[in-house]
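K.L.:
Here you go, sequence then predicted model.
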Amino acid sequence: MAERTIQWTPSELTKPKSEPVMGELDDLLPEILACTICAQHLPLGPRPVLQVHADARILIAGQAPGRRVHESGIPFRDPSGVRLREWLGVDEEVFYDPRLIAILPMGFCFPGTGSSGDKPPRPECAPAWREQVLRQLTSVRLTIVLGKYAQAYHLSPEARTVTEAVASWREQWPEVLPLPHPSPRNQGWFKKNAWFETEVLPLLRERVQALLS
């Protein structure tokens, strides 16, 4: 499978949308890039941002692109991404290699800004595309689940706060790891839960290095 870069032109994003079809990632990606199912709800219009490759061994399940990521078309090209790469112990070259790390948010497009931060991922996105993409990522050995929306999808159906989910990180380790979102808005959470940095992050970095070596 040929390597892909995750940047697209406006013409690619305005093609008429056809019904989703099953197939290899090369078949799915053009369908995803042309998706307009929630365009009327997107203040800046559709611009799907994701990074996938069938060989990826680590999957980052996030929430939705922020405004900066929408503008660049590159996942986690923002302060959240800086912190996330520190957590993983990887540089940008590794992080943006889709053969190593897949990045699949719950919503592929920027949902807009609300009263206390970005709005939740659009609910149309995951049912339309997520399972189709996940079935193609057969090499993934570690799924990192960021924030409450991704955790509600990927973890047990029991209602949990992010803190409860992260505190229970051993339940599915080393295959699945729930983490708080690395947003600067969560600075208070990081200070309040210092155990996260000392207990979880060293093991995460060891696991990442083992999978990427």
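P.N.:
Looks like it came in fine.

K.L.:
which residues touch residue 51?
P.N.:
Contact analysis of residue 51 by C-beta atoms under 8 Å, 6 or more residues apart in numbering lists 6, 75, 96, 98, 101, 102, 103, 104. Just so you know, the C-beta spots here come from the backbone N, C-alpha and C atoms, and that holds for glycine as well.

K.L.:
now those: which count as buried?
P.N.:
Taking 16 or more other C-beta atoms under 10 Å as the criterion, what is buried in these is 6, 75, 96, 98, 101, 102, 103, 104.

K.L.:
Among these, which ones are in helices?
P.N.:
Among those, no member falls in helices (criterion: DSSP state H).

K.L.:
Show me the two of these that sit farthest apart.
P.N.:
96 and 104 (14.4 Å; C-beta to C-beta).

K.L.:
Quick one: mean pLDDT for the longest helix along the chain?
P.N.:
Criterion DSSP H: the longest helix present in the chain is helix 201-212. Helix 201-212 carries an average pLDDT of 98.

K.L.:
helices or strands next to that helix in the packing?
P.N.:
Counting contacts by 3 or more C-beta pairs under 8 Å, 6 or more residues apart in numbering; DSSP states H and E, helix 201-212 packs against strand 58-61, helix 79-88, strand 142-146, strand 176-179.

K.L.:
Tell me which stretches of this protein form strands.
P.N.:
With DSSP state E, the ranges of strands along the chain come out as 58-61, 101-103, 113-114, 117-118, 142-146, 176-179.

K.L.:
Make CSV from these and add mean pLDDT to it.
P.N.:
Listed next are the strands of the chain as CSV, based on pLDDT from 0 to 100:
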stretch, mean pLDDT
strand 58-61, 98
strand 101-103, 98
strand 113-114, 90
strand 117-118, 87
strand 142-146, 98
strand 176-179, 98
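
K.L.:
Deepest-packed of those, please.
P.N.:
strand 101-103 (a mean of 26; mean count of other C-beta atoms under 10 Å).

K.L.:
need the contact list for residue 63.
P.N.:
By C-beta under 8 Å, 6+ apart, the neighbours of residue 63 are 105, 106, 107, 118, 120, 121, 146, 147, 149, 150, 181.

K.L.:
how deep is the fifth one tucked in, by neighbour count?
P.N.:
Yep, that's residue 120 we're talking about. A count of nearby residues for residue 120, using other C-beta atoms under 10 Å, gives 16.

K.L.:
Could you find the closest non-adjacent residue to it?
P.N.:
In space, and not counting its chain neighbours, residue 120 is closest to residue 149: 6.1 Å by C-beta to C-beta, 6 or more residues apart in numbering.

K.L.:
For residue 131, see how far away the one you found is.
P.N.:
As defined by C-beta to C-beta, to the nearest Å, residue 149 lies at a distance of 16 Å from residue 131.
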